[in-house]
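# What follows is a predicted structure for the sequence shown.
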Amino acid sequence: MKLAVLAVGHRQPAWVNEGCAEYLKRMPRELPASVTEIKPEARGSKTREQLLAAEKSRIREALQQGSRIVVLDEKGDDLTTLKLAKRLEAWMQDGRDVALLIGGADGLDEEFKQQADDRLRLSSLTLPHGMARLLLCEQLYRAVSVLKNHPYHREG
(Lines give C-alpha, C1' and ligand atoms only; values in the text may rest on other atoms or scores of the structure.)
Protein backbone atom coordinates (compact mmCIF):
# COMPACT_ATOMS: atom_id res chain seq x y z
CA MET A 1 0.00 0.00 0.00
CA LYS A 2 1.13 3.54 -0.78
CA LEU A 3 0.00 6.85 0.68
CA ALA A 4 -0.23 9.80 -1.70
CA VAL A 5 -0.98 13.32 -0.57
CA LEU A 6 -2.38 15.24 -3.55
CA ALA A 7 -2.42 18.94 -2.70
CA VAL A 8 -3.70 21.75 -4.88
CA GLY A 9 -1.46 24.76 -4.47
CA HIS A 10 1.45 26.85 -5.61
CA ARG A 11 5.04 26.25 -4.66
CA GLN A 12 5.39 26.15 -0.91
CA PRO A 13 8.08 27.73 1.24
CA ALA A 14 11.23 25.65 1.67
CA TRP A 15 10.39 24.87 5.32
CA VAL A 16 7.12 23.19 4.24
CA ASN A 17 8.83 21.05 1.58
CA GLU A 18 11.73 20.19 3.90
CA GLY A 19 9.38 19.27 6.74
CA CYS A 20 7.22 17.07 4.53
CA ALA A 21 10.32 15.41 3.05
CA GLU A 22 11.63 14.66 6.55
CA TYR A 23 8.45 12.88 7.66
CA LEU A 24 8.04 11.07 4.34
CA LYS A 25 11.55 9.65 4.50
CA ARG A 26 10.82 8.31 8.01
CA MET A 27 7.89 6.26 6.72
CA PRO A 28 8.55 2.50 6.70
CA ARG A 29 9.45 0.81 3.42
CA GLU A 30 6.20 -1.13 3.47
CA LEU A 31 4.20 2.11 3.62
CA PRO A 32 5.82 4.64 1.27
CA ALA A 33 4.26 8.09 1.13
CA SER A 34 4.56 11.00 -1.27
CA VAL A 35 3.29 14.53 -1.80
CA THR A 36 2.22 15.62 -5.27
CA GLU A 37 1.48 19.26 -5.90
CA ILE A 38 -1.48 19.90 -8.20
CA LYS A 39 -1.39 23.16 -10.14
CA PRO A 40 -4.27 25.44 -9.12
CA GLU A 41 -6.44 26.92 -11.86
CA ALA A 42 -5.71 30.57 -12.71
CA ARG A 43 -8.48 32.63 -11.19
CA GLY A 44 -9.15 35.34 -13.80
CA SER A 45 -12.88 35.81 -14.36
CA LYS A 46 -13.79 32.16 -13.78
CA THR A 47 -16.51 31.12 -11.40
CA ARG A 48 -15.77 29.01 -8.33
CA GLU A 49 -17.40 26.04 -10.08
CA GLN A 50 -15.14 26.45 -13.13
CA LEU A 51 -12.05 26.66 -10.92
CA LEU A 52 -13.02 23.55 -8.96
CA ALA A 53 -13.86 21.62 -12.15
CA ALA A 54 -10.45 22.37 -13.66
CA GLU A 55 -8.67 21.37 -10.45
CA LYS A 56 -10.82 18.22 -10.20
CA SER A 57 -9.61 17.22 -13.66
CA ARG A 58 -5.95 17.68 -12.62
CA ILE A 59 -6.47 15.72 -9.41
CA ARG A 60 -8.13 12.87 -11.35
CA GLU A 61 -5.07 12.71 -13.66
CA ALA A 62 -2.79 12.35 -10.62
CA LEU A 63 -4.95 9.72 -8.87
CA GLN A 64 -3.86 6.10 -9.07
CA GLN A 65 -6.68 3.92 -10.38
CA GLY A 66 -8.49 2.07 -7.60
CA SER A 67 -7.14 4.21 -4.76
CA ARG A 68 -9.11 4.84 -1.59
CA ILE A 69 -9.98 8.53 -1.71
CA VAL A 70 -9.71 10.49 1.51
CA VAL A 71 -10.62 14.16 1.36
CA LEU A 72 -9.51 16.68 3.91
CA ASP A 73 -12.58 18.69 4.74
CA GLU A 74 -13.64 20.96 7.58
CA LYS A 75 -16.75 18.79 8.01
CA GLY A 76 -14.77 15.54 8.03
CA ASP A 77 -14.16 13.15 10.91
CA ASP A 78 -12.33 14.88 13.75
CA LEU A 79 -9.85 12.19 14.81
CA THR A 80 -7.32 11.99 17.58
CA THR A 81 -3.90 10.65 16.63
CA LEU A 82 -4.80 7.25 18.08
CA LYS A 83 -8.01 7.12 16.06
CA LEU A 84 -6.07 8.12 12.93
CA ALA A 85 -3.69 5.23 13.65
CA LYS A 86 -6.65 2.84 13.84
CA ARG A 87 -8.04 4.25 10.58
CA LEU A 88 -4.62 3.85 8.94
CA GLU A 89 -4.48 0.26 10.17
CA ALA A 90 -7.89 -0.42 8.57
CA TRP A 91 -6.69 1.14 5.32
CA MET A 92 -3.63 -1.10 5.41
CA GLN A 93 -5.81 -4.18 5.90
CA ASP A 94 -7.92 -3.09 2.92
CA GLY A 95 -4.73 -3.05 0.83
CA ARG A 96 -5.67 -0.32 -1.64
CA ASP A 97 -3.41 2.66 -2.14
CA VAL A 98 -4.68 5.76 -0.33
CA ALA A 99 -4.93 9.22 -1.89
CA LEU A 100 -5.39 12.06 0.61
CA LEU A 101 -6.74 15.15 -1.16
CA ILE A 102 -6.11 18.72 -0.02
CA GLY A 103 -8.10 21.25 -2.04
CA GLY A 104 -7.01 24.66 -3.20
CA ALA A 105 -8.14 28.10 -2.06
CA ASP A 106 -11.73 27.27 -3.03
CA GLY A 107 -11.68 23.79 -1.52
CA LEU A 108 -12.52 20.60 -3.38
CA ASP A 109 -15.19 19.83 -5.94
CA GLU A 110 -18.36 18.60 -4.24
CA GLU A 111 -18.27 15.36 -6.27
CA PHE A 112 -14.96 14.41 -4.62
CA LYS A 113 -16.48 15.00 -1.22
CA GLN A 114 -19.56 12.91 -2.03
CA GLN A 115 -17.62 10.01 -3.58
CA ALA A 116 -14.80 9.95 -1.02
CA ASP A 117 -14.24 6.79 0.98
CA ASP A 118 -13.30 8.92 4.01
CA ARG A 119 -13.40 12.56 5.07
CA LEU A 120 -10.90 13.84 7.60
CA ARG A 121 -10.68 17.11 9.45
CA LEU A 122 -7.19 18.25 10.41
CA SER A 123 -8.20 21.06 12.70
CA SER A 124 -10.96 23.43 13.67
CA LEU A 125 -8.49 26.20 12.93
CA THR A 126 -8.05 27.69 9.48
CA LEU A 127 -4.63 26.52 8.29
CA PRO A 128 -2.49 27.77 5.43
CA HIS A 129 -2.23 25.07 2.76
CA GLY A 130 1.46 24.49 3.40
CA MET A 131 0.83 24.02 7.10
CA ALA A 132 -1.96 21.53 6.33
CA ARG A 133 0.42 19.51 4.12
CA LEU A 134 3.10 19.45 6.78
CA LEU A 135 0.65 18.62 9.57
CA LEU A 136 -0.81 15.76 7.51
CA CYS A 137 2.63 14.31 6.75
CA GLU A 138 3.60 14.52 10.41
CA GLN A 139 0.37 12.90 11.59
CA LEU A 140 0.69 10.06 9.08
CA TYR A 141 4.18 9.39 10.42
CA ARG A 142 2.94 9.64 14.01
CA ALA A 143 0.07 7.21 13.25
CA VAL A 144 2.56 4.70 11.82
CA SER A 145 4.70 5.18 14.92
CA VAL A 146 1.71 4.36 17.12
CA LEU A 147 1.05 1.17 15.14
CA LYS A 148 4.69 0.14 15.54
CA ASN A 149 4.72 0.96 19.29
CA HIS A 150 7.44 3.50 18.62
CA PRO A 151 8.12 5.99 21.43
CA TYR A 152 7.58 8.96 19.06
CA HIS A 153 4.02 9.12 20.35
CA ARG A 154 3.51 9.21 24.09
CA GLU A 155 0.13 8.90 25.69
CA GLY A 156 -0.11 10.75 28.91
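Cool, got the structure. This structure is a prediction, so every number in the text was calculated from the model and none was measured.

# C-alpha only now, for contacts and for neighbours.
Noted.

# any idea which element the residue nearest the centre of the chain lies in?
Centroid-nearest residue in the chain, with CA atoms, centre = their mean: residue 100, separated by 3.4 Å. Using DSSP states H and E, residue 100 sits in strand 98-102.

# So for the helix or strand of the chain with the lowest mean pLDDT, what gets flagged as buried?
Within the chain, no helix or strand scores below helix 110-115, which has a mean of 88 by mean pLDDT, DSSP states H and E. Within helix 110-115, the residues that count as buried by 16 or more other CA atoms under 10 Å are 112, 113.

# what's it in contact with?
Identification of contacts with helix 110-115 by CA atoms under 8 Å, 6 or more residues apart in numbering yields 56, 71, 119.

# And stretch 66-84, what's buried?
Buried positions in stretch 66-84, judged by neighbour count with 16+ other CA under 10 Å: 67, 68, 69, 70, 71, 72, 73, 74, 76, 78, 82, 84.

# Just the pLDDT for the nearest residue to the second one once chain neighbours are set aside.
Think residue 68. Spatial nearest neighbour of residue 68, excluding adjacent residues (CA to CA, 6 or more residues apart in numbering): residue 98 at 4.7 Å. Per-residue pLDDT puts residue 98 at 98.
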